[in-house]
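Participant: Got a predicted structure here, sequence first:
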Amino acid sequence: MNEKRSLVERLKTYSKKDVIFTSHAKIRAVQRGLNLEEVKENIVNPKRLAFAARQKSRKPGEEKYDCYFVYSNTMCHRYVLIINRKIIICTAIKINRRWQNMVEKYARV
């Protein structure tokens with residue numbers, strides 16, 4: 001189920017200093033050619049957020065989301081976020097192919 005609206009409202013309450021990258025996410029973002037400041041900007045200003053699905057979190061009091069931020073029909077960024085008092089980015093992926101089918105399959109499950 002798409003939880004975009006609730007996540008957008010939630011993300012707008014945070015600032016860039018509240019966004020934290022895990023060491024894995026930093027390494028992978030650099031390897032995949034993602035600009036870390038652009039990722040932070042997408043999080044705190046979620047105008048490009050097209051789809052967000054809640055995932056099961058490991059700890060109580062946390063919320064985990066799989067998010068797709070759209071740039072065009074063939075370009076998007078996928079972030080896995082954990083929200084508690086801060087926003088923790090677990091991973092960041094650049095997708096350079098048609099992302100709509102991936103989201104539709106995800107939404108059906």
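Facilitator: Received, thanks. Numbering: from 1, shown residues only.

Participant: where does the residue of the chain positioned farthest from its centre land in three-state SS?
Facilitator: Distance from the C-alpha centroid of the chain peaks at residue 60, with 20.1 Å (CA atoms, centre = their mean). Of the three states, residue 60 takes coil under DSSP: H, G, I helix; E, B strand; the rest coil.

Participant: what ranges do the helices span in this structure?
Facilitator: 4-11, 23-31, 36-44, 100-108 (DSSP state H).

Participant: Take those and lay them out in JSON lines including distance to residue 64 and mean pLDDT.
Facilitator: All C-beta spots, glycine's among them, are computed from the backbone N, C-alpha and C. Below are these laid out as JSON lines (distance: least, CB to CB, whole Å; pLDDT from 0 to 100):
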{"stretch": "helix 4-11", "distance to residue 64": "11", "mean pLDDT": "92"}
{"stretch": "helix 23-31", "distance to residue 64": "14", "mean pLDDT": "93"}
{"stretch": "helix 36-44", "distance to residue 64": "14", "mean pLDDT": "95"}
{"stretch": "helix 100-108", "distance to residue 64": "14", "mean pLDDT": "68"}
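
Participant: wait, which of those helices is closest to residue 79?
Facilitator: helix 36-44 (6.9 Å; CB to CB).

Participant: For that closest one, which helices and strands make contact with it?
Facilitator: strand 19-21, helix 23-31, strand 76-83, strand 87-95 (3 or more CB pairs under 8 Å, 6 or more residues apart in numbering; DSSP states H and E).
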